[in-house]
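A.B. asks: Only the shape, not the letters, is given here:
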């Protein structure tokens, strides 16, 4: 595992989850900071509009993992998939939090909602722990401009 | 003429009761008598049973026939045990699981004692494996190997997927994973592009993108199709690993067992199947997870239950061949059964629930059954015959055997049968089966017919006394004095209905012994004497004598009319016996006859109203024939006679009153009265010869008791057939009365002798001219018959004349 770190003073730890993020590793990292800092814990799922984009193309099809049978990947289906992904991530995080006996706030963040990110990080010093693919997102630039400490986790 | 004038017909007192003398030197009580085998007087039956037990040819099973109480069961069992003691025990039988077809359990046979040993060995092995196999799957070594297999498969899957993803990436196509599948979408700068952005692309680029997606879709589908193959390969690898682990775990235990039973190839083959099955189903023996619903939890012990051994028959090495008596021979007890257990409303069974019956328990030995019970239990007789014919025992329910049910259940492999069956039953059962069941004769070729009695020779009496003494000892009774023993021997002759024989009915003998012992103990005696035996006899008669008392009372009160003095024409005292099983009693019955002119018919009123049995009817027909053969043979028989048992409403059977009936008839014809202070019993043939009857002792005593109640005056007596004298074993009080001339017993051989005694007149014999002496009874009879013939002729001629007019 590689880390890119900046110096922390922590009031809040924000776990930024994307669809491809390794939840377990991110949580483990967050747990370490929690034990050191006793900061408030907050999880955000940064939405990725990939499903909507894919569904907008008329030739996009979904292939069943079990049978290989394909079907149109409609917008309705994209919404379902998106919701399933978010729900799964939320369940996983909350289970981890419950096992560690920590309270966890969870919210879904559109990738372009910079205002909410500012709200989260501006209140105090905070650490954002996320997958490295966050670095490709506009959100990452926003965080850097806010002087927030970001811990990126690779698998 | 006084009846006592006919001394020539009197039976001497020493013929009335043949006493027993056991004054053997040195013996005072039964305790002094030597032990006697319980088989006195049954040599024919004993030899037959021994022959049947020894001969090994098919169908030579044995039927011991004799009445109840004849010790037929005891004899069969004793002789079977005697034979079995010289034979070595048969082998053990087990049922085990058939791994190929669990509904058809297989049997394994062992030398005696080794079946039990094998069962215990298998239990030990199972116990070992229950711990060893799960432990093997819990071991670090197994986990490491399993992890390596999983990683290998995972790498293959990932490599497969990665290769596709990489190729797609080179064509700017992303492979997105949904929760249930994959989506191929075009990307630019790592991001999926939407419709608008796609539309901005050049046509060629768009076309190329769609073609790429088309091609990659095929590859993706091919990749998806590979996944099940990869999964299957993974499962095979895991299975192979599990097999290897299991084989190592079971190898030592089962190899040792195979070595131990090397001389039994079938057992070794079975153990090989056990090993293969355990290895093949290794997954089942891993530690079970707790299910969400506890009541559905599979009992861990059931994982190995299919390797248990059901020991159905076992023998000790030192034992003899088995001798089995099944007292309740219903189907399951004879053939066996398959039990079921109820779980959650359904019935389950397996090879462990096969239960053997008596046939298997006796396999290699002897099985004794009561025939009456066999026949009164449904399906048993047919199943027994089938097993004996097929020489195997097939354990199945009667429903299956007869095709009544179609429910699938166990069909255990039939076990070879080698057993000798001894059936015990009444004679009539044997003969019924021999006539109407052809299979019976094929299977039970040896009949052992027990004798009812034994000749009363001096030697046999001594042996019989020893037999009595043995029974006394066996039943732990007080010792019997010699007088008591003698009285018992006499009673046994009475039981045999013959002074020259001794009854072999052991049941009644034992009853008499135990009851005499009881009465002796009642008076705190140390030994049983003759008075105790007499009391036992008397009390038994009293207990069963209600009906007899009521009849005598009815006669005394003239409810039933019986005369014991005076004389009457056409009326005679006959004698009847009522049989209540172990108690019989006799009593007089009034027999009357009326005669008039007629067409030659002798009417038996009992027969007319269907109260007369066939033998009685035959007796009346014979006497009618005797009548027509003795008198007026050249004239048509022109009488009409009616004969009846007065005040008899319960049915009459037997011909022992036919002499009395004939005498009443002749009395009526001759118009000669018959003495009422005498009773008569006997059967006649057509020639007037008097024949033997049954129950002679009871009949004499029945009339004696009545006369005694009314007062004996020396004129009373009973006339019996001469050939019945040897059957006399009268009560001592009757013998004493005869000695004191208060009562008489007369024995006759012909109807004429009987007539003489009953009428006090000469019966008469034909002279050379064929004429009866004038004034004789026969002359009067014949004269009357001739008169009837003449009258009849007159009436017939008169009628014809009237017609002509």
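C.D. replies: It's in. Just so you know, these numbers come straight off a predicted model, no measurement behind them.
A.B. asks: Tell me which residues of the longest helix seen in chain A come out buried.
C.D. replies: As assigned by DSSP state H, the longest helix anywhere in chain A is helix A:75-99. Within helix A:75-99, the residues that qualify as buried by neighbour count (16 or more other C-beta atoms under 10 Å in any protein chain shown) are A:77-78, A:81-82, A:85-86, A:89-90, A:93, A:96-97. Bear in mind the C-beta positions are built from the backbone N, C-alpha and C, glycine included.
A.B. asks: Same question for stretch B:75-83.
C.D. replies: Buried residues in stretch B:75-83, counted by 16+ other C-beta under 10 Å: B:75-80, B:83.
A.B. asks: residues in contact with that stretch?
C.D. replies: Contact with stretch B:75-83 is made by B:38-39, B:42, B:45-46, B:49-50, B:53-54, B:62, B:64, B:320-321, B:323, B:325, B:366, B:368, B:420, B:422, B:424, B:448, B:450, as judged by C-beta atoms under 8 Å, 6 or more residues apart in numbering or on different chains.
A.B. asks: Could you check how far the most centrally placed residue in chain A is from chain B?
C.D. replies: Centroid-nearest residue in chain A, with C-alpha atoms, centre = their mean: residue A:17, separated by 1.2 Å. Between residue A:17 and chain B the computed distance is 16 Å (C-beta to the nearest C-beta, to the nearest Å).
A.B. asks: circling back: relative to chain A, which of the buried residues of stretch B:75-83 is nearest.
C.D. replies: When those are ranked by distance to chain A (C-beta to the nearest C-beta), residue B:80 comes first, at 72.1 Å.
A.B. asks: Report the separation between that closest one and residue B:54.
C.D. replies: 11 Å (C-beta to C-beta, to the nearest Å).
A.B. asks: Let me see the mean pLDDT of stretch B:569-576.
C.D. replies: Stretch B:569-576 comes out with an average pLDDT of 95.
A.B. asks: which element follows the helix or strand hosting residue B:669 toward the C-terminus?
C.D. replies: Residue B:669 belongs to helix B:658-670 when assigned by DSSP states H and E. Using DSSP H and E, the helix or strand that follows helix B:658-670 towards the C-terminus is strand B:673-675.
A.B. asks: Other residues contacting the helix or strand just after that next one?
C.D. replies: Remark: after strand B:673-675, the chain's next helix or strand is strand B:678-680, criterion DSSP H and E. Here strand B:678-680 makes contact (C-beta under 8 Å, 6+ apart) with B:3, B:572-575, B:588, B:659-660, B:663, B:699, B:703, B:716-720, B:746, B:754, B:757-758.
A.B. asks: Please flag which of those sit within helices.
C.D. replies: Per DSSP H, the contacts of strand B:678-680 map to helices at B:659-660, B:663, B:699, B:703, B:754, B:757-758.
A.B. asks: okay, these in a markdown table with pLDDT and neighbour count next?
C.D. replies: As requested, the ones in helices among the contacts of strand B:678-680 are exported to a markdown table (pLDDT from 0 to 100; neighbours: other C-beta atoms under 10 Å in any protein chain shown):
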| residue | pLDDT | neighbour count |
| --- | --- | --- |
| B:659 | 93 | 32 |
| B:660 | 94 | 30 |
| B:663 | 94 | 29 |
| B:699 | 96 | 27 |
| B:703 | 97 | 27 |
| B:754 | 95 | 30 |
| B:757 | 93 | 24 |
| B:758 | 95 | 31 |
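A.B. asks: would you list those in a markdown table and tack on distance to chain A?
C.D. replies: Putting the ones in helices among the contacts of strand B:678-680 into a markdown table (distance: C-beta to the nearest C-beta, whole Å) gives the following:
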| residue | distance to chain A |
| --- | --- |
| B:659 | 108 |
| B:660 | 107 |
| B:663 | 112 |
| B:699 | 103 |
| B:703 | 108 |
| B:754 | 113 |
| B:757 | 117 |
| B:758 | 116 |
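A.B. asks: Which one of those is nearest to residue B:691?
C.D. replies: Closest approach between the ones in helices among the contacts of strand B:678-680 and residue B:691, by C-beta to C-beta: residue B:659, at 8.7 Å.
A.B. asks: Any idea how many residues pack against the residue lying closest to residue B:749 once chain neighbours are set aside?
C.D. replies: Counting by C-beta to C-beta, 6 or more residues apart in numbering or on different chains, residue B:749 lies nearest to residue B:722, which is 4.6 Å off, once chain neighbours are set aside. By other C-beta atoms under 10 Å in any protein chain shown, the residues close to residue B:722 number 18.
A.B. asks: Looks like residue B:722 contacts residue B:747 (just checking).
C.D. replies: Yes: here residue B:722 reaches residue B:747: they are 4.3 Å apart, a contact under C-beta atoms under 8 Å.
A.B. asks: in chain A, which ranges drop under the pLDDT threshold?
C.D. replies: Residue ranges of chain A with pLDDT under 70: A:1-9, A:111-114, A:122-124, A:138, A:155.
A.B. asks: cutoff 90 now
C.D. replies: Along chain A, segments meeting pLDDT under 90 span A:1-53, A:64-69, A:80-86, A:88-89, A:97, A:99-105, A:107-155.
A.B. asks: So which residues of it form helices?
C.D. replies: In chain order, chain A shows helices spanning A:23-37, A:50-56, A:75-99, A:114-122, A:138-145, with DSSP H as the criterion.
A.B. asks: out of those, nearest to chain B?
C.D. replies: Nearest to chain B, of all the helices of chain A, is helix A:50-56, at 3.8 Å by C-beta to the nearest C-beta.
A.B. asks: ok, is the closest one in contact with chain B or not?
C.D. replies: Yes: Helix A:50-56 is in contact with chain B by C-beta under 8 Å from any C-beta of the partner chain, via A:50-54, A:56.
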